[in-house]
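**Q** A structural model of the following input is requested.
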Amino acid sequence: MKDKKKQSIFSRRDFLKGAGTLGVAFGAGPILAACTPAVAPIPTPVGVVPTPTVPRLSGELKILVWSHFVPRYDEWFDAFAKDWGAENGVTVTVDHIGLAELRSRTAAEISAEEGHDIIELLDPPADFEPSVLDLTDLNQEAVNRFGPQVALCTRSTFNPTTNVFYGFCHGWVPDPGDYRKSLWEQVGFPNGPSTWEELLEGGAQIKEQLGVQMGIGMSNEIDSNMAGRAILWSFGASIQDENENVVINSPEAVAAVEYMVQLFQRAMTDEVFSWTAASNNQLLIAGQASYILNSVSAYRSAQKAQPEIADDVFFTPSLTGPGGIGLASEHVIPISIIPKFVQNPDAAKEFLLHLVANYDKAVFESELYNFPAFFSTAPNLLREGGWLDDDPFRSNPRNKLDVLKTAEQWSTNIGYPGPANAAEGEIFATFVIPNMFAKAARGELSPADAVAEAESLINPIFAKWRAEGLVGGGS
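**A** This next block holds a predicted model:
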């Protein structure tokens, strides 16, 4: 599709803030109509929404992204990016690497002052702020065009201490609980657990009576990072407060670690200490997990590899702790940065706006893994009778994913109750929280000593970044 009335949004020297409009094209027929004739048609995205671009765009645009957990998304994204480039006179290349390599590759390119124009990371890259462009202009233009951004996305890209947007977030991924319904029915929880206490009670019975463990990691990988934070928050603890002061050493944090020790001893095995990001997926697909914390990608893999297991997998929102708090970290949060060394920032910003304008396709091609940072861009996801109510990818029952309609209410950002910041980013990257839980679970430290050791590691990290002027607090 060609936009015959192109307007200049980025000049050669600066970015003009102005309101834009969003149009979305939808087909009328269901994607699986032939397979499910009794199901009412669900609109599926077709075509590409054009976005106004600079007539003078040219040169190269090099994009570095992760290898998506849903392979069809990468196939779509690569073609989508190159088609945009061909339409706008830009030579686009897309490179994919494993998520565990993203941070080291980014650091290497920034050190060498050469590499990709857009780098997409999966956790808040606040610690790269000194080396990347301030994307306030891009973020403001996106809000002008698409409306309010999901709050956890803003808190994951904006530094209130420096008043800088160090990244641009186009989407996020919920992190529900995935449970085997047939197993939980046998121990009196037909709808799965709703609290951390029920997880312990039911999970212990399943392991003892049925010989099936649960899988919540305590190793140096992303899922363990997310799970540890969810447990802390739900017990009323956190690494920092809303003003970016360190508060990890609290009775609530000790209680969370004590709980994890019990959960490990009664419902898990030593495998969780050496897991990779794929391990809980693999355990679920093999039918050897009663409960994991993961996005829908594990379930989608099971649909293809073990359909009978997939039919038995259902989802819970975040589990609540002793005080009734239930929060989960976003599973991953794709955030694009533009390093200061890039030669073609206009094209980078234009492409990211084009991606957001077509986010209904991104959601669909990710098999509902990606959620939009701007809900207006994917109206079929949350609307009554939409994709989460009637999964176009053959969930059984078709409304299995409707629990995710409230995901924004029980999801939050790394750094909660404060913003994501460079200190929280370093703590995330060095796996302080999973190691805190693991040392207590293995009996190397008491829960209180494990929390105190974590505090001894966290305080210098905050002090370092506070001295750089990138983190607030200190009172």
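**Q** show me the protein divided up by domain.
**A** Residue ranges for each domain of the chain read 60-173+332-411, 177-331+417-467, as given by automatic domain parsing.
**Q** distance between the ends of the last one?
**A** I take that to be domain 177-331+417-467. Start and end residues of domain 177-331+417-467 are separated by 39 Å (CA to CA, to the nearest Å).
**Q** can you check the shortest one too?
**A** Distance between the two ends of domain 60-173+332-411: 37 Å, counting by CA to CA.
**Q** distance between that domain and the chain's centre?
**A** Between the mean C-alpha location of domain 60-173+332-411 and the chain-wide mean there is a distance of 10 Å, by CA atoms, centre = their mean, to the nearest Å.
**Q** try the last one
**A** For domain 177-331+417-467, the gap between its own C-alpha mean and the chain's C-alpha mean amounts to 15 Å (CA atoms, centre = their mean).
**Q** out of the domains of the chain, the one nearest Val49 is which?
**A** Across these, the minimum distance to Val49, taken as CB to CB, is reached by domain 60-173+332-411, at 4.7 Å. For glycine as for every other residue, the C-beta is placed from the backbone atoms N, C-alpha and C.
**Q** pass me the low-pLDDT residue ranges in the stretch 351-475 of the chain, would you?
**A** For the stretch 351-475 of the chain, the stretches flagged by pLDDT under 70 are 475.
**Q** the strands in it, which residues?
**A** Counting by DSSP state E, counting those that start in this stretch, the stretch 351-475 of the chain has strands at residues 371-372, 411-412.
**Q** and the stretch 101-250 of the chain, by the same measure?
**A** In chain order, the stretch 101-250 of the chain shows strands spanning 118-121, 158-159, 164-165, 168-169, 171-172, 177-180, 213-215, with DSSP E, counting those that start in this stretch as the criterion.
**Q** can you redo the domains of the chain as a markdown table with mean neighbour count and distance to Val48?
**A** Shown next, in a markdown table, are the domains of the chain (neighbours: other CB atoms under 10 Å; distance: least, CB to CB, whole Å):
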| stretch | mean neighbour count | distance to Val48 |
| --- | --- | --- |
| domain 60-173+332-411 | 20 | 6 |
| domain 177-331+417-467 | 20 | 24 |
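**Q** can you redo the strands of the stretch 351-475 of the chain as a markdown table with distance to Phe428?
**A** Putting the strands of the stretch 351-475 of the chain into a markdown table (distance: least, CB to CB, whole Å) gives the following:
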| stretch | distance to Phe428 |
| --- | --- |
| strand 371-372 | 20 |
| strand 411-412 | 14 |
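**Q** closest one to Ser182 among those?
**A** Counting by CB to CB, and looking across all of those, nearest comes strand 411-412 at 27.4 Å.
**Q** what helices and strands are in contact with that closest one?
**A** Applying 3 or more CB pairs under 8 Å, 6 or more residues apart in numbering; DSSP states H and E, one finds that strand 411-412 contacts strand 328-329.
**Q** now Asn399, nearest residue through space, not along the chain?
**A** The shortest distance from Asn399 to any residue that is not its chain neighbour, by CB to CB, 6 or more residues apart in numbering, is 5.3 Å, and that residue is Asp389.
**Q** try Glu258
**A** Excluding its sequence neighbours, the residue lying closest to Glu258 (CB to CB, 6+ apart) is Pro447, at 4.6 Å.
**Q** then Asp175?
**A** Excluding the flanking residues, the one nearest Asp175 by CB to CB, 6+ apart is His331, at 3.8 Å.
**Q** for the one you found, helix, strand, or coil?
**A** coil (DSSP: H, G, I helix; E, B strand; the rest coil).
**Q** so for Gly473, which of the domains of the chain sits nearest?
**A** Taking CB to CB as the measure, the domains of the chain were each checked against Gly473, and domain 177-331+417-467 came out nearest at 3.5 Å.
**Q** save the strands of the stretch 101-250 of the chain as a markdown table, and put in distance to Ala407 and mean pLDDT too.
**A** Shown next, in a markdown table, are the strands of the stretch 101-250 of the chain (distance: least, CB to CB, whole Å; pLDDT from 0 to 100):
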| stretch | distance to Ala407 | mean pLDDT |
| --- | --- | --- |
| strand 118-121 | 21 | 98 |
| strand 158-159 | 21 | 98 |
| strand 164-165 | 24 | 98 |
| strand 168-169 | 15 | 98 |
| strand 171-172 | 9 | 98 |
| strand 177-180 | 12 | 98 |
| strand 213-215 | 21 | 96 |
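**Q** what's the closest of the ones you listed to Ala298?
**A** When the strands of the stretch 101-250 of the chain are ranked by proximity to Ala298, the top entry is strand 177-180, at 6.0 Å, counting by CB to CB.
**Q** hang on, the earlier thing: can you put the domains of the chain in CSV and add distance to Gly473?
**A** CSV is the format used below for these (distance: least, CB to CB, whole Å):
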stretch, distance to Gly473
domain 60-173+332-411, 9
domain 177-331+417-467, 4
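**Q** which other residues reach stretch 417-427?
**A** Residues lying outside stretch 417-427 but in contact with it, judged by CB atoms under 8 Å, 6 or more residues apart in numbering, are 123-127, 129, 155-161, 238-244, 413-415, 433, 457-458, 461-462, 464-466, 468, 470-473.
**Q** put the alpha carbons of it into CSV.
**A** As requested, C-alpha coordinates have been extracted for stretch 417-427 and formatted as CSV (Å, rounded to 0.1, in the frame of the first residue of the first chain):
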residue,chain,number,x,y,z
PRO,A,417,7.0,0.5,43.2
GLY,A,418,9.5,2.9,41.7
PRO,A,419,10.6,3.2,38.0
ALA,A,420,13.0,0.9,36.2
ASN,A,421,16.4,2.4,36.6
ALA,A,422,20.1,1.7,36.0
ALA,A,423,20.5,0.1,39.4
GLU,A,424,17.5,-2.2,39.0
GLY,A,425,18.9,-3.0,35.6
GLU,A,426,22.2,-4.1,36.9
ILE,A,427,20.6,-6.1,39.7
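**Q** tell me where the stretch 351-475 of the chain has helices.
**A** In the stretch 351-475 of the chain, helices defined by DSSP state H, counting those that start in this stretch lie at 359-365, 379-382, 407-410, 422-429, 432-441, 447-467, listed in chain order.
**Q** residue nearest the centroid of this protein?
**A** The centre of the chain sits closest to Val332, judged by CA atoms, centre = their mean, with a distance of 2.0 Å.
**Q** and that residue, what's its pLDDT?
**A** The model reports Val332 with a pLDDT of 91.
**Q** setting aside sequence neighbours, what's the nearest residue to it?
**A** That would be Leu122: by CB to CB, 6+ apart, it lies 4.1 Å from Val332.
**Q** for the one you found, give me the pLDDT.
**A** We note a pLDDT of 94 for Leu122 in this prediction.
**Q** same thing with the one 4 residues further on?
**A** Confidence per residue is given as pLDDT, and for Ala126 that number is 96.
**Q** go ahead and confirm it touches Asn159.
**A** Yes. Contact between Ala126 and Asn159 holds when scored by CB atoms under 8 Å: they sit 6.3 Å apart.
**Q** so what sits against both of those two?
**A** Contact criterion CB under 8 Å, 6+ apart; residues bridging Ala126 and Asn159 by contacting each: Tyr166, Asn421, Leu470.
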